[in-house]
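Trainee: structure for the following, please:
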Amino acid sequence: MKTDYFKLTFSSLSNNEAFARSAVGVYALRLNPSLSEISDIKTAVSEAVTNSIVHGYPDTVGEIVLEGYVDGDMLHINVFDEGVGIENLNEALEPFYTTKGEDERSGMGFTIMKSFMDEVNVISEKGKGTKVYMLKKLGIDAK
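Mentor: Just a heads-up that it's a prediction; the model follows:
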């Protein structure tokens, strides 16, 4: 059983991306991460939440769940939505792939998450939403 965790639910509005970044940053601070680690974590969360806002709920406001927990020296961060899902996940995980080219999206969201976290796993089903599981090993013995 997870004993050291948080779970937040918020609407898929763009101003909530900053809220999610801040919440994760505050949670991770108590584990004494380096400035680089905290920046990496916040950047990855920002990308995951932004993907849910822009791609998960393109024409509506929905619900995003952000949760995190500690397991030894590992910080687990998960971002879930029940939006439109990803039709072709393998294609979406490729660098520069975007369905929003007209909005000047870079298509680098998953690539950025993978470069800043130690592990990123994505599960998505068209019409049922997307789940992003991220893991960051911290340079200390978190308890």
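
Trainee: which non-adjacent residue is nearest residue 119?
Mentor: residue 135 (4.0 Å; C-beta to C-beta, 6 or more residues apart in numbering). The C-beta positions use only the backbone N, C-alpha and C, and glycine is treated the same way.

Trainee: could you do residue 11 as well?
Mentor: residue 61 (5.3 Å).

Trainee: kindly report the same for residue 68.
Mentor: Closest to residue 68 by C-beta to C-beta, 6+ apart is residue 77, at 4.6 Å.

Trainee: using the three-state scheme, assign the residue nearest to residue 119.
Mentor: strand (DSSP: H, G, I helix; E, B strand; the rest coil).

Trainee: spit out the contact partners of it.
Mentor: 74, 75, 76, 77, 117, 118, 119, 120 (C-beta atoms under 8 Å, 6 or more residues apart in numbering).

Trainee: just the buried residues of the residues you listed.
Mentor: Taking 16 or more other C-beta atoms under 10 Å as the criterion, what is buried in those is 75, 76, 77, 117, 120.

Trainee: who's the third one bridged to?
Mentor: I take that to be residue 77. residue 68, residue 134 (DSSP bridges).

Trainee: and it, what does it touch?
Mentor: 24, 41, 44, 45, 48, 66, 67, 68, 117, 134, 135, 136.

Trainee: at 10 Å what do you get?
Mentor: 6, 20, 24, 27-28, 41-42, 44-45, 48, 66-69, 113, 117, 120, 132-136 (C-beta atoms under 10 Å, 6 or more residues apart in numbering).

Trainee: for it, give its distance to residue 58.
Mentor: As defined by C-beta to C-beta, to the nearest Å, residue 77 lies at a distance of 23 Å from residue 58.

Trainee: hang on, the earlier thing: make CSV out of the contacts of residue 135 and add pLDDT, distance to residue 34 and secondary structure.
Mentor: Shown next, in CSV, are the contacts of residue 135 (pLDDT from 0 to 100; distance: C-beta to C-beta, whole Å; DSSP: H, G, I helix; E, B strand; the rest coil):
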residue, pLDDT, distance to residue 34, secondary structure
74, 90, 15, strand
75, 94, 13, strand
76, 96, 18, strand
77, 96, 17, strand
117, 96, 15, coil
118, 95, 14, coil
119, 96, 19, strand
120, 94, 20, strand
